[in-house]
Structures are given as structure tokens and as C-alpha cells.
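# Predicted structure and sequence below. I'll ask about it afterward.
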Amino acid sequence: MIRRHRQNPSPAPAVAANRTTPFDDLHEWVLSLPWVVERPVDPENPEMRSFAVDCEPLGRHRVWLVTGLDRDVRGERAHLGVIFPADAAQVLEDLGFGRATMAMYDGQVLVTIDHPGIGPGRDVEALVLSAYGYAMS
């Protein structure tokens, strides 16, 4: 396994330094994945954090995960968003894994999920890892 050492660690938002969130373990795990960086925090929504693949050798630079969402674009409760190609997003919605809520860039769609679980026997980490795989491909 090739490990990449971060030259500039991603800054955590001030909110995370003062208290724990339901996403702390997920954030730590996501940041341990190769080529993942945290995007700058939006001062208007400091609890929302977004993560991107930043892989210069493969020419991959795209956001693929957002946590701390209060509401999706339909006004429904959503805490986690993953970005998938439109066809995969529709399949995920049809299977009840989440809701395809917003068209993004390059035929991508934001799929929102109510965390900590997305239904009986469903694994959030597997869905997040799948989104990471799409971002790297």
C-alpha cells in the first residue's frame, strides 16, 4: 500500500474543536483515504464540511462528500450528501439508499442520506466508499 503524507493537513472547523459531532469518526476515516482533502469551511455554515479528491497524477479534482447538511433541496431532513453519476444516483434512490436531490457538474447528482443509517442493513461507509470510487474513476 502506498501512503501519502499530507504536507498541509486539512484544517478542521472551529466547531469540531469545541465539541464532537455525529460525523467525527466518519471525517477521520474519510481523511485517511488517499488523495482526500477537506475543502475550506463556509463561514455561514461552519458545521457543513465537504471533501474532495485531489489527485494530480490522475488529473482528478472533484468534491464527492458533504456532511452536516441541515436540509436537502426538497426541504427534507438530510445530514450527508454523496455525489454520484446520474444513472447511479437514480439506482441508489430506487433502492432506497438516499434521495437524488440536486444536479451537480459533469452529469453528477447529489444523493442525500439521513445519517447515522440509511435503512435496515444498509451501510453508510459502503455508500461513502462507492462515491469515493466514482470520484477517483
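Looks like it arrived, so ask away.
# if I read this right, Leu80 contacts Trp64, doesn't it?
No - look at Leu80 against Trp64 with C-beta atoms under 8 Å: they stay out of range, at 11.7 Å. C-beta: built from backbone N, CA, C; applies to glycine.
# So which residue is smack in the middle of this structure?
A centroid search over the chain (C-alpha atoms, centre = their mean) returns Leu65, at 1.4 Å, as the residue closest to the centre.
# show me the contacts for it.
Leu65 is in contact with 30, 50-51, 80-83, 128, 131-132, counting by C-beta atoms under 8 Å, 6 or more residues apart in numbering.
# ok, longest helix in the chain?
Secondary structure assigned by DSSP state H gives helix 124-136 as the longest helix of the chain.
# for that one, which positions count as buried?
124, 127-128, 130-132, 134-136 (16 or more other C-beta atoms under 10 Å).
# Quick one: those residues as CSV, columns for distance to Leu26 and pLDDT too.
Below are these laid out as CSV (distance: C-beta to C-beta, whole Å; pLDDT from 0 to 100):
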residue, distance to Leu26, pLDDT
Val124, 8, 81
Leu127, 11, 89
Val128, 7, 91
Ser130, 14, 94
Ala131, 12, 96
Tyr132, 12, 97
Tyr134, 18, 95
Ala135, 16, 95
Met136, 18, 94
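# What is the nearest of those to Asp94?
Leu127 (14.2 Å; C-beta to C-beta).
# So that closest one is in contact with Val82, correct?
Yes - contact criterion C-beta under 8 Å: Leu127 and Val82 qualify, at 6.1 Å.
# shared neighbours of the two, which are they?
98, 113.
# Any idea how many residues pack against the closest residue to Asn45 other than its chain neighbours?
Spatially, and ignoring its direct neighbours in sequence, Asn45 is nearest to Gly68 (7.4 Å; C-beta to C-beta, 6 or more residues apart in numbering). Number of residues near Gly68 (other C-beta atoms under 10 Å) recorded here: 23.
# what's near enough to touch Gly68?
Here Gly68 is in contact with 21, 23, 45, 47-49, 79 (C-beta under 8 Å, 6+ apart).
# Against Leu129, how distant is it?
19 Å (C-beta to C-beta, to the nearest Å).
# Equivalent analysis for Asp87, please.
From Asp87 over to Leu129 (counting by C-beta to C-beta), the distance is 19 Å.
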